[in-house]
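>>> Attaching a predicted model along with its sequence, questions to come.
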Amino acid sequence: MSVILGIDPGSRLCGYGLINARGSKLEYLASGVIKMGTSPFPERLHTIFTDISDIITEFAPGEAAIEEVFMGKNASSALKLGQARGAAIVACTRFELPVAEYSARRVKQALVGKGQAEKSQVQQMVKSILGLSRVPAEDAADALAIAICHANTENNLIRMAGVKSGRRGRLQASD
């Protein structure tokens, strides 16, 4: 059993989602959006750090997963996103949580099957996979998707570790 914290960082909105992963069974615990608004940038970074720290204290996750920075058209936005990620990562490492990083494309591929999926498709898949009664907000859904991607990546690595290649490249359970 492992509680996973997923984080969708942003300098104005930071999504978070927590799931409990037991093997291939995933259970929704909580999600939400940290809203920083238009406060000065250093204050927004402080809010991310303190709110993520509070979430970790409340839910005691065993690991975290966060979205990687992507380079869009605006370098300034990418730098701010990197700083927001840094505040969230420092909050996680303060509690000695291992932090995995995933590209947005990889998360979408893992959940929807294509790396260029629309936000609404990700939201619907999160709702379906976790058996939610309603679609979560965009940033919360993205954070939950990151946590789901991490849980599935971990499960696949565990499965692969118990399998070896046989003759003609066929997979066999290891002894």
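Structure received. Numbering: from 1, shown residues only.

>>> I'd like the distance between residue 107 and residue 3.
Applying Cβ to Cβ, to the nearest Å, one obtains 19 Å for the distance of residue 107 from residue 3. In this view, the C-beta of every residue, glycine as well, is placed from N, C-alpha and C.

>>> Tell me which of the two has more neighbours.
The neighbour comparison of residue 107 against residue 3 (other Cβ atoms under 10 Å) goes to residue 107, with 26 against 19.

>>> Are we agreed that that one is in a helix?
Yes: membership of residue 107 in a helix is supported by DSSP: H, G, I helix; E, B strand; the rest coil.

>>> Not counting sequence-adjacent ones, nearest residue to it?
Residue nearest to residue 107 in three dimensions, not counting chain neighbours: residue 149, with 4.6 Å by Cβ to Cβ, 6 or more residues apart in numbering.

>>> Show the pLDDT at the one you found.
Turning to residue 149, the model gives it a pLDDT of 95.

>>> Ok, residue 107 next?
Among the per-residue scores, residue 107 shows a pLDDT of 94.

>>> With the one 5 residues further on instead?
Looking at residue 112, its pLDDT is 88.

>>> What's the local residue count around it?
Should you count by other Cβ under 10 Å, residue 112 turns out to have 17 residues around it.

>>> cool, and the one 4 residues further on?
A total of 10 residues lie near residue 116 under the criterion other Cβ under 10 Å.

>>> need the contact list for the residue lying closest to it once chain neighbours are set aside.
For residue 116, the nearest residue in space outside its immediate sequence neighbours is residue 108; the separation is 7.0 Å by Cβ to Cβ, 6+ apart. Residue 108 makes contacts with 114, 115, 116, 117, 121, 122, 145, as judged by Cβ atoms under 8 Å, 6 or more residues apart in numbering.

>>> gap between residue 108 and residue 102?
Counting by Cβ to Cβ, the gap from residue 108 to residue 102 is 10 Å.

>>> ok, back up a step: of the contacts of residue 108, keep whichever come out buried.
Neighbour counting with 16 or more other Cβ atoms under 10 Å marks 117, 122, 145 as buried within the contacts of residue 108.

>>> The last one reaches residue 109, doesn't it?
Translated: residue 145. No: with contact defined as Cβ atoms under 8 Å, residue 145 and residue 109 do not form a contacting pair (10.8 Å).

>>> ranges for the strands of this structure?
Under the criterion DSSP state E, strands of the chain are mapped to 2-8, 13-22, 25-35, 63-67, 99-102, 163-165, 171-173.

>>> Report the inter-axis angle for the longest one versus strand 2-8.
Think strand 25-35. With axes from the mean of the first three to the mean of the last three Cα atoms, to 10 degrees applied, the angle from strand 25-35 to strand 2-8 works out at 40 degrees.
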